[in-house]
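Chemist: predicted model follows, preceded by the sequence.
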Amino acid sequence: MLNQLIYKIIEFELLCSIVSPEQVISWADDQILAYDELEEILLDLCVAKSEEKQLKILGNIDTNIENEAFELVAIELLKRYDSGLLDFFELANKLLVIHYHSSKLSPDSVDFIIWLDDETSLITEGIKELEPAKKNLHEFLTGIVEKHNKSNHSDLVKLSPFLFQKSRQLLQAGV
């Protein structure tokens, strides 16, 4: 049985054109072959040829995990932005699309995306400068990355305190 978060991430990736409907179908086919338990959603995704149909299927997933999925997709979008695959306006548009499609994003994320949308309009009209908005966008997304890095670190401590302690001892010893 697949984690519901995976489906929500795929939904947001589809919204942001990170994956195509064909890739979703191929992924669903692979999952069906890989698991003994067949999930109805995978069958539905296999036969849904259009993005609209796939989004409708994926939209039925629990919305309580939307914020976590948003953050994970935002991290991927930041990587694409930093590598030059997305420009400021494309990134802002993708975040706005997720916001419009979602109902359970954190208030901080919603507030930032609304601010970003306003800011892009003002930049486009020549009222505001691009660089300060780029800096704020990068700081917002970097904050998400740092939050997830810290949570992964704390998960490691909970899962294996011995390995964490051993790793820290090796780092302190300079090994």
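Modeler: Perfect, thanks for sending it. Numbering: from 1, shown residues only.
Chemist: ok, for the residue nearest the centre of the chain, nearest residue in space, not its chain neighbours?
Modeler: With distances taken as CA atoms, centre = their mean, the chain has V73 as the residue nearest its mean C-alpha position (1.3 Å). Leaving aside its chain neighbours, V73 sits nearest to F12 (4.3 Å; criterion: CB to CB, 6 or more residues apart in numbering). Placement of C-beta: from N, CA and C, glycine included.
Chemist: tally of neighbours for that neighbour?
Modeler: 25 (other CB atoms under 10 Å).
Chemist: what do you get for S109?
Modeler: Under the neighbour criterion other CB under 10 Å, S109 is assigned a count of 20.
Chemist: enumerate every residue touching it.
Modeler: For S109, the contacting residues are N67, F70, E71, H99, by CB atoms under 8 Å, 6 or more residues apart in numbering.
Chemist: change it to 10 Å
Modeler: E66, N67, F70, E71, A74, L95, I98, H99, S102, F140, I144 (CB atoms under 10 Å, 6 or more residues apart in numbering).
Chemist: can you give me the helices for this structure?
Modeler: All helices of the chain, identified by DSSP state H, fall at 4-15, 21-34, 40-47, 51-58, 66-82, 88-101, 107-124, 130-159, 161-173.
Chemist: list the buried residues in the longest one.
Modeler: Of the residues in helix 130-159, those with enough neighbours to count as buried (16 or more other CB atoms under 10 Å) are A133, K134, L137, F140, L141, I144.
Chemist: stretch 41-56 now?
Modeler: Neighbour-count burial for stretch 41-56, counted by 16+ other CB under 10 Å, picks out I41, L42, D44, L45, C46, A48, E51, Q54, L55.
Chemist: what of stretch 35-42?
Modeler: I41, L42.
Chemist: for L58, which non-adjacent residue is spatially closest?
Modeler: E11 (3.6 Å).
Chemist: then A48?
Modeler: Distances taken as CB to CB, 6+ apart place Q54 nearest to A48, at 4.7 Å, with adjacent residues excluded.
Chemist: residues in contact with the one you found?
Modeler: I10, E11, L14, V19, S20, P21, V24, I25, A28, D44, L45, A48.
Chemist: next, give me the two most distant ones among the residues you listed.
Modeler: Within those, S20 and D44 form the most distant pair, 17.3 Å apart (CB to CB).
Chemist: before we move on, the earlier item: buried subset of the contacts of S109?
Modeler: Taking 16+ other CB under 10 Å as the criterion, what is buried in those is E66, N67, F70, E71, A74, L95, I98, H99, S102, F140, I144.
Chemist: save the helices of the chain as a markdown table, and put in mean pLDDT too.
Modeler: Shown next, in a markdown table, are the helices of the chain (pLDDT from 0 to 100):
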| stretch | mean pLDDT |
| --- | --- |
| helix 4-15 | 93 |
| helix 21-34 | 92 |
| helix 40-47 | 93 |
| helix 51-58 | 96 |
| helix 66-82 | 95 |
| helix 88-101 | 97 |
| helix 107-124 | 97 |
| helix 130-159 | 81 |
| helix 161-173 | 43 |
